[in-house]
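Q: predicted structure and sequence below. I'll ask about it afterward.
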Amino acid sequence: MSTQGPTADAPYAGVEHSEASGWVAAVLLGGVMLVLLGAVHAGTGLVALLRPEVLAGGRADLLLPVGLTALAWCHLVIGAVAVTAGVGLVRGLRWARVTAILLAGAAALVNFAFLAIYPVWAVTAITMTVIVIYAVAAHGAEVAGAYGRS
C-alpha cells in the first residue's frame, strides 16, 4: 500500500501554496468564451457558405459592403483561431494569451462598429472584452503557474 496521497490528517498533502488570485477565473472564463465564440463564428461561416439565403439581406449588409462568401471564410478562419486560442488559454499557454488579447481587442472594435445597430449587445460585448483583456494581460501567467510553467 502506498503512503502517497491524501490521509485523514493531511487531505491535501500534494497541493502546494498557490499565488493565484480570483482573476484566474476570469482568464478561464475568457478561454471558455473564446471557444464558444469560435464555434459561433464557424457555424455562421458554414451557414453563409452552405445556405447563403438565410443570411442574405440581414443587418450586416447595412454596415459592411463585402460579399457573403468573403465574410463566410473570414468567420471560418476567426472561428478556428478563436477555438484554438481558447483551448490554449485554458491550458495557460503564452501564445494563447497574446492571441486572446488580440482577438478580444478586435472584437471590441467590431462591436464598436455595430454600436448603432445593436447598442445594448455592443456595450455588453465591449465590457466583457475589456474584462477579459485585463484578466488575461494582468493575471494570465497565474493560470500557467498552476500548470507549473509561465
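A: Looks like it arrived, so ask away. Residues are numbered from 1 along each chain as shown.

Q: for the chain, give me the ranges with low pLDDT.
A: With pLDDT under 70 as the threshold, the chain has low-confidence stretches at 1-18, 20, 55-64, 147-150.

Q: go ahead and flag the most central residue of it.
A: Leu34 (2.1 Å; C-alpha atoms, centre = their mean).

Q: Ala80 is in contact with that one, correct?
A: No: no contact is recorded between Leu34 and Ala80 when judged using C-beta atoms under 8 Å, the distance being 11.5 Å. C-beta coordinates here come from the backbone N, C-alpha and C atoms, glycine included.

Q: tell me which residues in stretch 103-120 are buried?
A: Residues Leu103, Ala104, Ala107, Ala108, Val110, Asn111, Phe114 are the ones in stretch 103-120 that count as buried (16 or more other C-beta atoms under 10 Å).

Q: ok, stretch 43-59 next?
A: Residues of stretch 43-59 classed as buried under the neighbour-count rule (16+ other C-beta under 10 Å) are Thr44, Gly45, Ala48.
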